[in-house]
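**Q** quick check, what structure comes out for this input:
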Amino acid sequence: MDNIDIDLLKEITETTDGTFKGAYNIRKNGKGIERKVTDNINIVTKEDVSGINIYVKENTKFEFVHIPVILTESGLNDVVYNDFYIGKNANVVIVAGCGIHNDHHKDSRHDGIHRFFLEEGAKVKYIEKHYGEGNGNGKRILNPVTEVYLKNGATLEMEATQIKGVDSTIRTTKGILEDNSNLVVTEKIMTHGIQKAKTTFDVELNGKNSSTKVTSRSVATENSIQQFESKVIGNNNCFGHVECDAIIKDNARVIAIPKIVANNVDANLIHEAVIGKIAGEQLTKLMTLGLSEKEAEEAIINGFLK
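**A** Numbers count the residues shown, from 1 in each chain. So this is what the prediction gives:
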C-alpha cells in the first residue's frame with residue numbers, strides 16, 4: 001500500500017498507520033490485498049460472487065474485525081457481497097467502510113452489500129464510515145446495503161457516518177428481529193455542493209419484546225439534497241422509535257418520509273422528524289465569544305454531528 005491507501009484507511013477506520021489488531025480483510029480496487037484470521041474469527045473468500053464470509057465462533061468475546069475497502073482507480077465500479085455469521089453469545093466489534101480517491105474524470109463507485117446473521121444472545125457493534133477525496137471531475141459514489149437478521153436476544157448497534165466528499169449515495173438498512181432482539185442505528189451525514197444522499201430504513205419487529213431505535217442526524221448545505229425514508233412494522237408486542245433531525249442551509253433540501261405500521265395492539269411505534277436552520281441565538285451566543293459567523297456555524301454543526 002502507498003501513502004494514499006494508508007491515508008484513506010486512517011479516514012475510515014481507527015488505524016493510525018494502516019495496520020489492525022484482530023482479524024481483518026483489506027480490499028483495494030476490487031480485490032483483496034491483505035487478510036488475517038484468528039482462532040475465533042475466520043474469513044473465507046466467496047466462490048460464486050465477489051466478497052467474503054466472516055465466521056465468528058460462539059462465545060467469542062471482545063474481538064475486532066476490520067473489513068475496509070479503498071478505491072484509487074478512476075472509473076471502477078466495485079460491488080462486493082459480505083456475509084457475517086455471528087455465533088451464539090459472541091460479542092465483537094466490526095469496523096467497515098469505504099474510502100474513494102478519484103483524481104480523474106471517470107466516476108468511481110462502490111456498492112457494499114453486507115448481511116448480518118446473529119445467533120441467540122450475540123452482540124455486535126458495527127461501525128461504518130464513508131469518505132471521498134480527489135481533485136478530478138469524476139464522481140465518488142457509495143451505495144451501502146446492510147441487512148440484519150437477529151435471533152432471540154441478539155443485539156446489533158450500528159454507527160454509520162458519511163464524513164465528506166461523497167457525491168451520490170443511496171444507503172439502505174433492513175432488519176428482521178425475533179424475540180427479545182434489539183437493533184440500534186445511528187446515522188450521521190453531511191452534504192454540500194450538488195451532492196445527493198438518500199437513506200432508507202426498513203425494519204420488521206416480528207418477535208415479542210423486539211425493539212429498534214433509529215437516529216439520523218444530517219446537515220445539508222449549498223445545493224445538496226437529502227432524503228430520509230423509514231418504515232417500521234410492528235407485528236408483535238414490540239417497541240420502535242425513529243428520529244430524524246436535520247440542519248438545512250443555503251439552497252439545500254431535506255425530505256423526510258416516515259411510515260409506521262402497527263399490526264399488533266401491543267406494538268408501540270414512534271416517529272419524530274425535525275428539520276430547520278441554525279438558530280440565530282446559537283450563532284449570537286458563540287459570536288460573543290469572539291468567533292466569526294462562519295466559525296460559529298462550523299462549531300454548531302460539528303457539535304450536532306458528534
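**Q** in terms of secondary structure, what does the lowest-mean-pLDDT helix or strand in the chain contact?
**A** Using mean pLDDT, DSSP states H and E, the weakest-scoring helix or strand in the chain turns out to be helix 280-287, at a mean of 85. Helices and strands touching helix 280-287, by 3 or more C-beta pairs under 8 Å, 6 or more residues apart in numbering; DSSP states H and E, are helix 293-305. Bear in mind the C-beta positions are built from the backbone N, C-alpha and C, glycine included.
**Q** what angle do the helix it packs on and helix 280-287 make?
**A** 110 degrees (axes from the mean of the first three to the mean of the last three C-alpha atoms, to 10 degrees).
**Q** any idea how many residues pack against Gly99?
**A** 28 (other C-beta atoms under 10 Å).
**Q** ok, now which ones touch the closest residue to it other than its chain neighbours?
**A** Of all residues not flanking Gly99 in the chain, Leu8 sits nearest, at 3.4 Å (C-beta to C-beta, 6 or more residues apart in numbering). Contact analysis of Leu8 by C-beta atoms under 8 Å, 6 or more residues apart in numbering lists Ile70, Thr72, Gly99, Ile100, His101, Tyr131, Glu133.
**Q** would you say Leu8 is within a helix?
**A** Yes - looking at Leu8 with DSSP: H, G, I helix; E, B strand; the rest coil, it is inside a helix.
**Q** tell me the confidence at it?
**A** If you check Leu8, the pLDDT there is 92.
**Q** do Asp2 as well
**A** pLDDT, Asp2: 84.
**Q** which residues in the stretch 101-250 of the chain form strands?
**A** 108-118, 123-133, 140-142, 145-150, 155-164, 168-177, 182-191, 196-205, 210-220, 225-234, 238-248 (DSSP state E, counting those that start in this stretch).
**Q** circling back to that earlier point, Ile300: which of the contacts of Leu8 is nearest?
**A** Nearest to Ile300 among the contacts of Leu8 is Tyr131, at 22.2 Å by C-beta to C-beta.
**Q** give me the neighbour count for Phe228.
**A** 26.
**Q** to clarify, my last question referred to Lys249.
**A** Lys249 - counted by other C-beta under 10 Å - has 15 other residues nearby.
**Q** give me the pLDDT value at the closest residue to it other than its chain neighbours.
**A** In space, Lys249 comes closest to Thr221 once its chain neighbours are excluded; the distance is 4.3 Å by C-beta to C-beta, 6+ apart. Looking at Thr221, its pLDDT reads 94.
**Q** swap in Gly132?
**A** Reported pLDDT for Gly132: 94.
**Q** isn't it up against Lys164?
**A** Yes - using C-beta atoms under 8 Å, Gly132 is in contact with Lys164, at 7.1 Å.
**Q** which residue of the two possesses the greater neighbour count?
**A** Each of Gly132 and Lys164 has its neighbours counted (other C-beta under 10 Å); Gly132 has more, 26 against 14.
**Q** which residues does that one contact?
**A** Counted by C-beta under 8 Å, 6+ apart, Gly132 has contacts Gly99, Ile100, His101, Asn102, Arg140, Leu142, Lys164, Gly165, Val166, Asp167.
**Q** Glu63 and Val37 touch, don't they?
**A** No - between Glu63 and Val37 there is no contact under C-beta under 8 Å: 11.0 Å.
**Q** more crowded one of those two?
**A** Set Glu63 next to Val37 and count neighbours by other C-beta under 10 Å: Glu63 wins out with 19 against 16.
**Q** quick one on the thing from earlier: among the contacts of Leu8, which one is most surrounded by other residues?
**A** Neighbour-wise, the contacts of Leu8 (other C-beta under 10 Å) top out at Ile100, 31 neighbours.
**Q** what's the pLDDT at Lys277?
**A** At Lys277, pLDDT is 90.
**Q** ok, so what distance separates it from Pro258?
**A** 21 Å (C-beta to C-beta, to the nearest Å).
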